[in-house]
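Asker: A predicted structure for the sequence below; I have some questions about it.
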Amino acid sequence: MPQTLPSGAALSVLETVIATRSASSEGTGADRAAIAVLDRLGIGDLALDRLSGGQRQMAGLARALVRDPALLLLDEPTSALDMDRQVRLVTEVRRVAAEGGVVLHDLALAAQWADRIAVLHRGRLHSFGTPAEVVTPKMLADVHGVEARVERCSHGRLMVLIDGESA
């Protein structure tokens, strides 16, 4: 799923999701699969044109999911999404991750929701493990060049708090 999606598509969201499904499989049942994914994401009622940025993000996710991917590559998946849509997106992404894998570079999001994290740095595996094992102030300084705190919220999820650039 790209970071941003084109805004002036001539097709409706449903048509683009059907076309994506048809292009990646034999096409049988593409309309039912597309409607099911749109409904699962709570965007079955999207308008035919003039979609907001968040609606385009969700439509892009629908296009990715309708293919039943074993691996999702997501670039800024929650950009332009309202909070309720962010939760729905993360819930769906966790479902896909349980069946295959998800790649994203939003470390704060991964720290809160992932079961395992692999951090790549300069083409090599820097660290791998649970979020608590991997997302540490030292890793954030070494890999991202930031001074940061990693704390747990009242629900036990990890929160990454950036304080500034590393000295």
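Answerer: Received it, and whenever you're ready, just let me know what you need. Because the structure is a prediction, the values reported are computed rather than measured.
Asker: Now do the contacts for the residue sitting nearest the centre point of the chain.
Answerer: For the chain, the residue sitting closest to the mean C-alpha position, by Cα atoms, centre = their mean, is P77 at 3.9 Å. Applying Cβ atoms under 8 Å, 6 or more residues apart in numbering, one finds that P77 lies in contact with M1, Q57, L61, L89, V93, L104, D106, L109. (C-beta placed from N, C-alpha, C; glycine too.)
Asker: cool, L107 as well?
Answerer: By Cβ under 8 Å, 6+ apart, L107 lies in contact with I117, V119, V135, L140, H144, V160.
Asker: rerun at 7 Å
Answerer: Residues in contact with L107, defined by Cβ atoms under 7 Å, 6 or more residues apart in numbering, are V135, V160.
Asker: Would you state the predicted confidence (pLDDT) at it?
Answerer: On the pLDDT scale, L107 is placed at 85.
Asker: go on, the one 4 residues further on?
Answerer: Residue-level confidence at A111 comes out at 90, pLDDT.
Asker: Strands of the chain, residue ranges please.
Answerer: All strands of the chain, identified by DSSP state E, fall at 71-74, 101-104, 117-121, 124-129, 146-152, 158-165.
Asker: nearest spatial neighbour of D31, skipping sequence neighbours?
Answerer: Nearest non-adjacent residue to D31, counting by Cβ to Cβ, 6 or more residues apart in numbering: I18, 5.6 Å away.
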